[in-house]
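Visitor: here is a sequence with its predicted model. Questions after.
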Amino acid sequence: MWLAITAVSGIALWHMHDNTLETQLRITAVISRTLANEIAHGLRGVQDGLSGIQDELHESGYELLPETHMEQMLARRARLIPWVKKVWITSRDGRLLAACDSAPPPDLRAFFPPLEQLEGGAVAISRPFTDPVTRDALIALALRLDGATEATGGWIMAAMPTSVMFGTFSVAAPQNGAHMAVFRDDGVRLAGVIDTTEVIDEATVARLLSRRTEMEVHKFADGSERLVSLQGLPHYGLKLMLTRDLRSALEPWRNTALWTATGLALLLAILALAVRRILCSDARYADAQRTLQTQQLRARKFEALGTMASGIAHDVNNVLAVILGYGEMAQDSAQPGSSQARHIDKVLQAALRGKSLVERILTFSRSGAHYVTVFELESIVEEVLSLMESSLRPGMHIERRFEAPGAKLRGDPTQAFEAIMNLCTNAIQSMSNGGTLGIRIRREHLDAPRMLSHSRLAAGDHIALTVSYQGSGIDADVMDHLFEPFFTTRSDRSGTGLGLAVVHGVMGEFGGAIDVQSTPQRGSQFTLYFPECAEAIAATTHPPEPECARNGRQMMIVDDEPALVMLTEEIVRGLCYEPVGYSDPVAALAALREAPERFAAVITDEVMPKLCGTGFTKAVREFAPDLPVLLVSGYGGALLASRASAVGVNRVLSKPLQRAELERTLAELLPHQDPFPPHNPIA
């Protein structure tokens, strides 16, 4: 009902507005035509009076009377002609021949159309000029005087006040906001004004005068809207323009609309409040949808990059595993201090650098095998800052604000260290002119999920770590690619472009979120939101010292890459175990099912055709629940660790497998186990 009443009232007011406007336009046009006719009638009387003077001169044979008699005759004629105050007779070159008084005639060049182009019976009107005696504004009407000879020819001119142009305007025209002006066809204004403020320029007037429409609503440059009626007096080369302020013309309609609006005010207020609430809700929903779509696009992009990176890292790990494994064996057999030993050391160093790079890629893709424990965040931050303080340039200082004492996280502390270190390193590199590096730790509780700049923060208790720094800020186009691997804006500096990609991967491992805020020319702020952990910190235990296993223990090795099977066999054999390798996990499972007591432990890869490592372990646990199983993979992370623990994997090792790490793990799992007798197929 509210909407219907409002719609009907609005339609009625709109029709009333149109009708009122149309009526006022018609009234304005009628008034302007009346005034134009009045001016034309007056000018016709002046022209007839001048024609009478011309006839009188014609009857006298164009013989000018004595000066005194001529002045008296012209003065008498001036009194008899309506509007006329002065009369002059001049020669064709402008020389005064006779006048009713001593006042000089107007300049011949002030007339339009030009006098030399004036035909017989036509008149021209001058620009306004001032009476030197009375200081009144005058205009002159000129008529060609055709004499008997060229010498007696000239012009008869009659001067009249400009005020006579207004006629009955003050009586006939509406009182509010109405103005009248009379123009020559060349745009010269003879009398009146268009508006009292005089803000309308000559170009606007010329544009209005050039139009052929009799009446219209025109919007002027000062923002005002006015009714404009234009009437032409073609015989005299004049145009009359009548303008009325639209606001004043619509005063009756506005009064009616005001009463109507007062009656609908309460209804419209309630409706506007409801619409506003709906629009605000829709706007918030639309913003949330756009933010969510942006987050989903970024998430899919990072997921695709992570999948590609982890796949590449898996293959590179297999290559590095062979290089590291056989390199370590070659190092054992090389003469210490020889050039061969030095060369092998360089090979191993390069392989370890490659391993470190692969680990960073796997951190971005959340596919590394990591150590999970409960730790305090503040101690990790202090460790990072102690390292950063030694590399600060002059003009830089660190500001600490630790507002969450005892804040604990669950995850890999090494990953947290690397993420914080990368953020602080980027901050220092961005402050080329010095500044403040701010580190803040605080607790934050969310009752509902929140959309951040680069991720979605779930509800719950969080530890917020903020790294802020001064600088030029981050551009909008850079913001979309900020956490992509190998993306960097420092083309002239060293770096792999993996720093922020690692941060993104680490926060994914922790189940946290990232928010980035940047202000141009002021700086940037990175906030990492970690889920807070309420568990107690486990007591530190020291693993037993590695010891060499005894001869005779058999170790099953399962990997779909024959080269890695051979390499692991060599490593295991070097650790005094007897390796038994399989490149087919199904065949390895069948052999293990026949004699599980034959093997001291199993080393299996995770990614294999037919049967993955966790699936292999799950099948083994059905008949050998206590057999130690080591899972080796370049993939993994928290998901793999959880899945491996669920099926009974004892340890998860990362590729490429190093001999020292395998030796320590076997020493922990098999410290007191007696050797099994060598397998005798005949027996």
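Guide: Nice, I can see it.
Visitor: check which helix or strand Arg135 maps to.
Guide: For Arg135, there is no helix or strand it lies in under DSSP states H and E.
Visitor: Three-state assignment for Ala427, please.
Guide: helix (DSSP: H, G, I helix; E, B strand; the rest coil).
Visitor: am I right that it is in contact with Leu437?
Guide: Yes - taking contacts as Cβ atoms under 8 Å, Ala427 lies within contact range of Leu437: 5.3 Å. (Glycine included, C-beta is placed from N, CA and C.)
Visitor: any common contacting residues for these two?
Guide: By Cβ atoms under 8 Å, 6 or more residues apart in numbering, Ala427 and Leu437 have these common neighbours: 467-469.
Visitor: PyMOL command for the buried members of those residues?
Guide: Buried residues within the shared contacts of Ala427 and Leu437, by 16 or more other Cβ atoms under 10 Å, are selected in PyMOL with:
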select buried, resi 467+468+469
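Visitor: returning to what we had before: who has more neighbours, Ala427 and Leu437?
Guide: Ala427 (26 against 23; other Cβ atoms under 10 Å).
Visitor: now do the contacts for that one.
Guide: 437, 467-469, 471, 524.
Visitor: that one and Glu509: what is the separation?
Guide: 22 Å (Cβ to Cβ, to the nearest Å).
Visitor: what does Gln293 give?
Guide: 25 Å.
Visitor: likewise for Arg127?
Guide: Taken as Cβ to Cβ, the span from Arg127 to Glu509 is 90 Å.
Visitor: which one of these two has more residues nearby?
Guide: Legend: neighbour count by other Cβ under 10 Å for Arg127 and Glu509, higher for Glu509 (21 against 17).
Visitor: my read: the more buried one touches Asp412, true?
Guide: Yes - contact status for Glu509 versus Asp412: in contact at 6.9 Å, counting by Cβ under 8 Å.
Visitor: quick check: pLDDT value at Glu509.
Guide: The model reports Glu509 with a pLDDT of 81.
Visitor: and the host helix or strand of it, how far out from the chain middle?
Guide: Taking DSSP H and E as the criterion, Glu509 maps to helix 499-510. Centre-to-centre, helix 499-510 and its host chain are 27 Å apart (Cα atoms, centre = their mean, to the nearest Å).
Visitor: in which helix or strand would I find Val467?
Guide: Judged by DSSP H and E, Val467 forms part of strand 460-469.
Visitor: oh, that last question was meant for Ala40, not what I typed.
Guide: Counting by DSSP H and E, Ala40 is found in helix 2-59.
Visitor: that helix - what's its average pLDDT?
Guide: Mean predicted lDDT for helix 2-59 stands at 86.
Visitor: show me what secondary structure element comes after it.
Guide: Next element after helix 2-59 (DSSP H and E): helix 67-80.
Visitor: going by neighbour count, which residues in that next one are buried?
Guide: Neighbour-count burial for helix 67-80 [16+ other Cβ under 10 Å]: 70-71, 73-74, 77-78.
Visitor: one more: stretch 619-628?
Guide: Applying 16+ other Cβ under 10 Å to stretch 619-628 flags 619-620, 624, 627-628 as buried.
Visitor: export stretch 322-334 to CSV, keeping only CA atoms.
Guide: The C-alpha atoms that make up stretch 322-334 are tabulated as CSV, following Å, rounded to 0.1, in the frame of the first residue of the first chain:
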residue,chain,number,x,y,z
VAL,A,322,70.9,-40.2,-6.5
ILE,A,323,73.5,-37.4,-6.6
LEU,A,324,73.6,-37.1,-2.8
GLY,A,325,73.6,-40.9,-2.2
TYR,A,326,76.4,-41.8,-4.6
GLY,A,327,78.2,-38.6,-3.8
GLU,A,328,78.5,-39.6,-0.2
MET,A,329,79.7,-43.0,-1.2
ALA,A,330,82.3,-41.5,-3.5
GLN,A,331,83.4,-39.2,-0.7
ASP,A,332,83.9,-42.2,1.6
SER,A,333,86.2,-43.8,-0.9
ALA,A,334,88.1,-40.7,-1.8
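Visitor: I'm done for today, thanks for sticking with me.
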